[in-house]
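> Here is a sequence together with a model predicted from it:
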Amino acid sequence: MAKDPVRVLVTGAAGQIGYALVPMIARGVMLGADQPVILHMLDIPPAAEALNGVKMELVDAAFPLLKGVVATTDAVEACTGVNVAVMVGGFPRKEGMERKDVMSKNVSIYKSQASALEKHAAPNCKVLVVANPANTNALILKEFAPSIPEKNITCLTRLDHNRALGQISERLSVQVSDVKNVIIWGNHSSSQYPDVNHATVTTPAGEKPVRELVADDAWLNGEFISTVQQRGAAIIKARKLSSALSAASSACDHIRDWVLGTPEGTFVLYGCLL
Ligand SMILES: NC(=O)C1=CN([C@@H]2O[C@H](COP(=O)(O)OP(=O)(O)OC[C@H]3O[C@@H](n4cnc5c(N)ncnc54)[C@H](O)[C@@H]3O)[C@@H](O)[C@H]2O)C=CC1
Ligand SMILES: O=C([O-])CC(=O)C(=O)O
């Protein structure tokens, strides 16, 4: 029997992460290839026309799993009945800024959207905050939506986790899918600590510790860490825009593993408030 559709909210859906993210969700990348979805897309009035353009493209793409699209500038309409909320709406930093520099602009958004979510989302809605500063926005959302369980409010650290996997895979010339169990300690900021002390690589001879295979503690304790810490800034320098496809893909990984779980022996990272 076909599953009932899951309602997924994406705020800031007319922006660059939103544009990369909504087709992934509609294709089943976030919730599975057999899970129908209804997309709720929210943006602000100046972006209403662009948002409608995204809706038109979703229709044109004829995604078999996509059972409906709500495109709106009304937070209550956007939040009503949603089971998963991916909070991307906000302003990105520019070259030379830290993520905390967009705090004054973005934090107020999370106050007002928290109450819309609290009042109108489905019970047990899972919330992922992407907009920066992601940990702080998640904390604000928790404060202003006290009836949403704390364990349901998370923020995106999975991009840092995936960046660490990518760096190890490149360094060792192994498949990224063979590298696992890195940890990111701290906030999604340049002070984070990417930790490979429990990380392993699957090799023909079994699971091997990353530290043993890399055999270069100076690199692991130095350049590796600063590359992951500064990757967001490096992308901004190169693209003149902040990461979008990797952020969208990591948001899908975050929700997928949260809802569907990970293989035994594999752990992944959630920015959480507990
Ligand atoms: N946690 C993470 O790993 C990452 C976080 N980010 C953050 O994600 C956020 C979005 O980035 P982009 O998509 O590149 O920015 P963008 O500027 O392309 O899109 C943001 C969208 O949010 C909308 N928006 C602004 N205020 C809103 C509100 N009150 N309600 C709903 N929508 C609103 C804008 O109109 C725009 O369409 C930024 O804060 C960025 O720093 C970006 C990459 C990775
Ligand atoms: O660096 C930024 O501003 C965007 C972001 O959070 C990232 O790419 O990690």
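Good, I have the coordinates. Ligands and ions are numbered 1, 2, ... in the order given.
> Run a quick neighbour tally on residue 76.
When neighbours are defined as other C-beta atoms under 10 Å, residue 76 has 13 of them. All C-beta atoms are positioned from the backbone trio N, CA, C, and that covers glycine.
> where's it, which helix or strand?
Taking DSSP states H and E as the definition, residue 76 sits inside helix 75-79.
> And the next helix or strand past that helix?
Taking DSSP H and E, what comes next after helix 75-79 is strand 84-87.
> What strands flank that following strand, and is each parallel or antiparallel?
Sheet pairing for strand 84-87, assigned by DSSP bridges, gives strand 6-11 (parallel), strand 126-129 (parallel).
> now the angle from the helix or strand following the longest one to strand 6-11?
For strand 6-11, the succeeding helix or strand toward the C-terminus, using DSSP H and E, is helix 16-26. Counting by axes from the mean of the first three to the mean of the last three C-alpha atoms, to 10 degrees, helix 16-26 points 170 degrees away from the direction of strand 6-11.
> so is residue 56 in a helix, a strand, or just coil?
helix (DSSP: H, G, I helix; E, B strand; the rest coil).
> and this protein, which of its residues are near ligand 1?
Contact residues, the chain versus ligand 1 (C-beta under 6 Å from any ligand atom): 11-12, 14-18, 42-44, 47, 88-93, 102, 106, 109, 130-132, 134, 156, 159, 188, 242-244, 247.
> Can you turn the buried part of those residues into a PyMOL selection?
Per 16 or more other C-beta atoms under 10 Å, the buried members of the residues of the chain next to ligand 1 correspond to this PyMOL selection:
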select buried, resi 11+12+14+15+16+17+18+42+43+47+88+89+90+92+93+102+106+109+130+131+132+134+156+159+188+242+243+244+247
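> returning to what we had before: tell me which residues of the helix holding residue 76 are tucked away?
In helix 75-79, counting by 16+ other C-beta under 10 Å, buried: 75, 78-79.
> So which of the strands paired with strand 84-87 is nearest ligand 2?
Minimum separation from ligand 2 across the strands paired with strand 84-87 (C-beta to the nearest ligand atom) falls at strand 126-129, 11.5 Å.
> In PDB, could you pull the C-alpha coordinates for that closest one?
Provided in PDB are the C-alpha atoms of strand 126-129 (Å, rounded to 0.1, in the frame of the first residue of the first chain):
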ATOM      1  CA  LYS A 126      11.300  17.400  13.300                       C
ATOM      2  CA  VAL A 127      13.000  20.700  12.900                       C
ATOM      3  CA  LEU A 128      16.400  21.300  11.200                       C
ATOM      4  CA  VAL A 129      17.800  24.900  11.300                       C
END
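> So residue 178 sits against residue 206, correct?
No. Contact criterion C-beta atoms under 8 Å: residue 178 and residue 206 do not qualify, at 11.5 Å.
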